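A.B. asks: predicted coordinates and the sequence they were generated for:
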Amino acid sequence: MKSKIKDLINNMNLAKVRFWTQLVTFVLFVYGGYFAIDLGSELPIFACPYNGESAGACYLIPLQHQLSMPAKVLLGGAGISVIVGLLTFLFWFIFLNKAWCGYACPIGTFQDWLTWLRKSMGIRYSTYTQNQFEKLSKIKYILLAIVLLVPLLMGVGALDSDWSAAFCKICPARIISPMFSGDLSQWAIDFSSITAMVLTSIGMIFAGLFLAGSFVKKRFFCFFCPMSALHYIFSSFAFVQLKKDGSKCTRCGDCYSVCDMQIKDIADDVTSTNILRDDCIMCLKCVAACPEDDALHFDIFNVKAFSSTKEGFEKRMGIEKPKGDRDE
Amino acid sequence: MSNLIKREIESPNERQNRHKAMEAIKVLNDLREGFKVPPQSMEYFYNLFEEVYCHQKALHKGKVKVGTMCIQIPSEIIYALDGVPIRLCNGFYTDDEIGSDFLPQKACPLVKASVGHLASQNITDKPDMIYSPTTCDQKTKAGSTIEGFGYDVVDVNFPRTKESEISREFFRRSIREFSADLSSKMGKKLSKKNLKAAISKIGYAQSLYHRLSEFRKSSAVPILGNDMFLVTNAFFFDKIDNWIGACEKLVSELEQRVKDEVHVAGKVSPRIVYTGSPPIFPNYKIPLIIEESDAIIVADETCSSNRMFNDRVAVDEWFVNDMVDSLADKYLKACTCPVFTKNDDRIRRIIELVRSYSADGVIYQAFAGCTVYELEQRSVLEAMEKAGISILYIESDYSPSQHGQLSTRVEAFVESLKIKNRKRS
Ligand code: SF4
Ligand code: SF4
C-alpha cells in the first residue's frame, strides 16, 4: 500500500499538478478579498495589496514600513513589531520554503502563464549565457538592499518621506497585480515630487520589462526578486528541502536543461546534499526530469516525498511502446 | 567441377568473409553451448549475428544507411529523418589485419578493424555517408583515411572539456549543423512529430535495456554478461523494431527466470563490473575468459553497451530546436568517454555500478594502442583502491594468441575474489 502511494506520487504528471495548484493559489491570493479571506500581511510572496482584492499582503510592505520608523522608536518598543513581523513571515515560510515561488506566488504563476502563451504561439524561449547569468543573478541582492536600507535611512532622517515604500514604487507587481481585478490605475507616474516621479517611472519601465521579459524568458522576474533573496537567508530552516544524492547522479544535465532558472549546480554539483540555490523556485521540474532513481528528491521533514525515478521519468517524457513494423 | 575451380581462386573478399565467418561462429558456438542454460530468447540474437556475419545478410536494403564512427551521433535524429544508423566500430581480427596497412602498427585494433572493414569495400549494409565525431585522436584521424576510400565522411566537432558551458554550447551547435547536413542529404525536414517519435522510440529501447539490467542486480543472475554484450551490440546495426521485439521477449523471459531464481553462474561466482575499451563482436575475448573462469559480469561501463543506453533525453518544451539541443546535451554531458580532460564522472559511475549491482570486483580492459583508456588506467586504479574495490587491469588486442596468459591472470583474480568473499562470510 505504502509503496503504491509512493509510486503514484513519483510517477505523477508534475506539470499538471503544478498547473492546478497554481490556479488555486492564484485565485486564493488574488481574489481572496472577495471572499473576505485575510491571511495577514507577512506573506512570503508577492501578494500585492495594491490589488484591492488580495487575500493578504507581501511581507516587504510591513517590513519597509517598520524599518522606516524613527531610529529611537525602532530601538525602543517598536522593535518588537519588527521581530513579530519577521517571525510571522518565517512561520509561513518554513512550511513551503521556496516552493512558495514555484507554487503559490501569483506573480510567479502569471509568468508561467506568459510562458504558456509564448509556447502556444510556437516561439522558443531565450536563455542567458553563463556570464550574463552570473552578473544578473546578483541584482536581487541589490534590490533586497533597497528594501532594507532605504527605510533605515529614512528612519535616521537621511531620506525624506518621498522615499517611503521605495521598493514598492519600482516593483512591477504593484503595477501588474491590480490589473488582475481590472484596475489599470497603477500604470501612472506620480508627479508629486521628483523622487516619486523617478521611482514610479522606473516602476513603469520595470513593469514593461516584466511583461516583455517573461514572455521570452521563463520566470524572467524571479531572477531579480528580492523576496527570493530574503527566502534564501532562511531556507535551510524550512520543513521541506530539495536534496541530491551525488553518487547516483550521472551529471547528464537533464535537470539543468529543464530548469527555468538555469541553475547549473543542480546537475554539476555532486557533493552538496542540500541542492537548493538562491535562484531556485522549488518548482521540482528538475526532480521530474531526472532519470536516475533517487538522485534528486523533495523531502518533507527529511523524508523523501517526491523522488526522481526511471519509471516516473519515462511516463513524464511520453516514452511508450512504439508502433513499428517488425519482421515475422 | 566448376565449383571446385571457384574455390581454388577464392577472391580476397571471399577469403575475408570466410575468415570473419570463422571468427563469428566460434564465439556464437561458445555462447550457445559453452554455458549452462542460455535464455531461449537469445536465439534471436545468435541467429542475427550468424546471418549477418557468416552469411552476409543485408538488413536494410533500400534504406539510406548512415554510418557513425562513435556513439556521439544522435541516432534519434537519423531515425527521425528516415535513415538507419549503423555504428561502424568493428571487432574482427580479419579486418584489423587489413586495417594495419593504413594505420600505424601500434594503433588501436578497434580503429584499425573499422578502417580495414571500410577499406575492403566488402560491407553488407554499406553506409551511404559517414559521420565521424572528433573523439579520440585515432578516430579523428581515421576519418580522412576513410574518406580516401571514396566514402562521404563528415567530421562532427566534439569538445573535450565537458564541464564547461562553452563545450555545451559548442556541441549543441555542432549537432545542429549535423542535423542540417543530414536533413539536406535526406531531403527531409526534422519536424516536431518525427523527432519526438524517434526520441520516444529510442527511449523505449533504452527502457528495455534498463529493465534487463535491473534483473542483473538480483543474487541469481538470469543472463550472462556476454549475452548482454551481444544484445547491446545488435543495436549497432539491427532493425530497431525487431530489436525491440526481441528484447521484450527477453525481458519477460528474464522476469520469469528471476522469479524461478535461475542463476547462469555458480553459487560462489564473483560478480564483476566490466569497464574499459569496448568489447565488440566477435572480440569478446576478455568477457568470455571472465565468464569461463567462473565469474559473472553483472554490469559494465563501456561505450558498446551501458553508455549507449544509460542516459536519457529530457525536453522541457517540445520544439524541434529544444529537442535537438537536449539530444546534444545527452550525448555530451553524461558521456564517460576517456577522451575528456577529467574522468571523475567515469570513476563515480564505476563505483556506483559496483555498489548497486553488489559487485565483488572490477575488470578493466584496455586495447593495446587505445591510448585514452591506457592513460586513464592509473587514476581509475587509484580511485578503486581508495574505495576499497578490487580491480584487475588487463591489456589485450584482437589477435587470437595470448589467450593462455590472459586467462591465467583473470583466473587468479577471480580466485582472489572468491577467497575474499569466503573470509567475509
Ligand atoms: S538529471 Fe539527475 S542524473 Fe542528470 S544531472 Fe540532474 S541530478 Fe544528475
Ligand atoms: S533547481 Fe529545480 S526546483 Fe529549483 S528552479 Fe530549477 S528546476 Fe525548479
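C.D. replies: Happy to help now that I have it. Ligands and ions are numbered 1, 2, ... in the order given.
A.B. asks: any idea how far A:Thr21 is from A:Leu242?
C.D. replies: According to Cβ to Cβ, to the nearest Å, A:Leu242 and A:Thr21 sit 17 Å apart. C-beta coordinates here come from the backbone N, C-alpha and C atoms, glycine included.
A.B. asks: do the same with A:Phe301
C.D. replies: For A:Phe301 relative to A:Thr21 (Cβ to Cβ), the value is 20 Å.
A.B. asks: neighbour count for those two, which is higher?
C.D. replies: A:Thr21 (15 against 8; other Cβ atoms under 10 Å in any protein chain shown).
A.B. asks: in chain B, which helix has the most residues?
C.D. replies: helix B:192-215 (DSSP state H).
A.B. asks: does that helix come close to ligand 1?
C.D. replies: No. Helix B:192-215 stays clear of ligand 1 (Cβ under 6 Å from any ligand atom), getting no nearer than 13.5 Å.
A.B. asks: for that helix, packing partners?
C.D. replies: helix A:310-316, helix B:75-80, helix B:225-234, helix B:240-259, helix B:306-309, helix B:320-333 (3 or more Cβ pairs under 8 Å, 6 or more residues apart in numbering or on different chains; DSSP states H and E).
A.B. asks: reformat these as TSV; add mean pLDDT, mean neighbour count and distance to A:Thr127.
C.D. replies: Putting the helices and strands packed on helix B:192-215 into TSV (pLDDT from 0 to 100; neighbours: other Cβ atoms under 10 Å in any protein chain shown; distance: least, Cβ to Cβ, whole Å) gives the following:
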stretch	mean pLDDT	mean neighbour count	distance to A:Thr127
helix A:310-316	95	19	22
helix B:75-80	97	25	22
helix B:225-234	97	24	35
helix B:240-259	97	18	33
helix B:306-309	92	20	28
helix B:320-333	95	23	10
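A.B. asks: what about those helices, which gets the closest to ligand 1?
C.D. replies: helix B:320-333 (7.2 Å; Cβ to the nearest ligand atom).
A.B. asks: pull the CA atoms of the following helix or strand past that closest one into PDB?
C.D. replies: Sequence-wise, the next helix or strand downstream of helix B:320-333 (DSSP states H and E) is helix B:344-356. Only the C-alpha atoms of helix B:344-356 are listed here, as PDB (Å, rounded to 0.1, in the frame of the first residue of the first chain):
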ATOM      1  CA  ASP B 344      35.600  11.900 -12.300                       C
ATOM      2  CA  ASP B 345      32.300  11.000 -13.800                       C
ATOM      3  CA  ARG B 346      33.600   7.700 -15.100                       C
ATOM      4  CA  ILE B 347      35.100   6.900 -11.700                       C
ATOM      5  CA  ARG B 348      31.900   7.800  -9.900                       C
ATOM      6  CA  ARG B 349      30.000   5.700 -12.400                       C
ATOM      7  CA  ILE B 350      32.100   2.600 -11.900                       C
ATOM      8  CA  ILE B 351      31.800   2.900  -8.100                       C
ATOM      9  CA  GLU B 352      28.000   3.400  -8.300                       C
ATOM     10  CA  LEU B 353      27.800   0.300 -10.500                       C
ATOM     11  CA  VAL B 354      29.800  -1.800  -8.100                       C
ATOM     12  CA  ARG B 355      27.500  -0.700  -5.200                       C
ATOM     13  CA  SER B 356      24.200  -1.000  -6.900                       C
END
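A.B. asks: any residues touching helix B:344-356, and which ones?
C.D. replies: With Cβ atoms under 8 Å, 6 or more residues apart in numbering or on different chains as the test, helix B:344-356 has contacts from A:246-248, A:250-251, A:270, B:217, B:273, B:275, B:299-301, B:306, B:334, B:336, B:338, B:359, B:362, B:376, B:379-380, B:383-384, B:387, B:389.
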